[in-house]
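After the sequence you'll find the predicted model.
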Amino acid sequence: MTKSEQKSFLDEKVELYNNPNFIESDPIQIPHQFSLKEDIEIAGFLAATIAWGNRKMIISNSKKMMDFMGNSPFDFVMNHQEYQLEKLENFVHRTFNGVDMITFIKGLQNIYSNHNGLEAVFSNNCEETSMQKSISEFKKVFFEIDHQNRTQKHISDPLNNSAAKRINMFLRWMVRNDKKGVDFGIWKTIPTAALSCPLDVHSGNVARKLELLSRKQNDAKALFELDSNLRQLDANDPVKYDFALFGLGVFEKF
């Protein structure tokens, strides 16, 4: 497949999957329940945080998180009482448990109280074609609060060679603004050119079959290789191809 054939094929798949029908089977449906910017951010961040494993379970447990917070995530983050956090102790999604959930609530409260919100923190250290340093620095800010060491594993650090799939997916949700109705585009301070593809088993396998990726592991080095190739197809919006790679892998078993 030539570069132009590759681009035509992938552009066609982006059109196929980047539409509101995509929402009903994807964790992005959780932030789509809200209209307030901060509610969208917090719901999206928490849903993305537990977005690994069975998709139905991810969506079900994300809805439980929203229920715990009275379906007003920003208000809960900012105004909760300690006794309300006790209800979260029994929450569990795979290795993300109630202790982690409570820490995340407190981390978010610190972000909004002392750092001007999630967008402001991610905007810091944003580079022209990379969010890797920004994500790494975000993790440091997020864990300024008291926390157990175990909870840190739930935010990846790309500077420690992680592909940081879930954070990159969250950033795609917040930043991309193509008016197709899936991604929100509510963050105006980060360019789409800086975004990275959420690299996981599905997108990685498809990328290798399409010769967009040669590295075997799905790590930061692989992400850099994939991003470099996707930027050749669309330098301004490389992460749109996430729809194509994911759709081909999950829905078409490509």
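Nice, I can see it.

Scan the protein for its longest helix.
Longest helix of the chain, by residue count under DSSP state H: helix 98-114.

Just the CA atoms of it, as CSV, please.
Listed next in CSV are the C-alpha coordinates belonging to helix 98-114 (Å, rounded to 0.1, in the frame of the first residue of the first chain):
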residue,chain,number,x,y,z
GLY,A,98,-12.0,2.9,46.7
VAL,A,99,-8.7,4.3,48.1
ASP,A,100,-7.6,5.3,44.6
MET,A,101,-11.0,6.8,43.9
ILE,A,102,-10.9,9.0,47.1
THR,A,103,-7.3,10.1,46.2
PHE,A,104,-8.4,11.1,42.7
ILE,A,105,-11.3,13.2,44.2
LYS,A,106,-8.8,15.0,46.4
GLY,A,107,-6.3,15.3,43.6
LEU,A,108,-8.9,16.9,41.4
GLN,A,109,-10.0,19.2,44.2
ASN,A,110,-6.4,20.4,44.5
ILE,A,111,-6.1,20.9,40.7
TYR,A,112,-9.2,23.1,40.6
SER,A,113,-8.6,24.9,43.9
ASN,A,114,-4.9,25.7,43.5
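
what's the helix or strand of the chain with the lowest mean pLDDT in contact with?
Lowest on mean pLDDT, DSSP states H and E among the helices and strands of the chain sits helix 82-86, with a mean of 92. Residues outside helix 82-86 that contact it (CB atoms under 8 Å, 6 or more residues apart in numbering) are 76, 102, 105. Yep, even glycine has a C-beta here, placed from its N, CA and C like the rest.

Which one of these is nearest to Pro20?
Taking CB to CB as the measure, Pro20 lies nearest Phe76 of the contacts of helix 82-86, at 27.5 Å.

Tell me who's in contact with that closest one.
68-70, 84, 105.

Would you verify that it is located in a helix?
Yes - with DSSP: H, G, I helix; E, B strand; the rest coil as the criterion, Phe76 is located in a helix.

if I look at it, how far off is Asn114?
18 Å (CB to CB, to the nearest Å).

end to end, how far does stretch 136-155 reach?
End-to-end distance for stretch 136-155, by CA to CA, to the nearest Å: 9 Å.

Can you give the distance of it from its chain's centre?
16 Å (CA atoms, centre = their mean, to the nearest Å).
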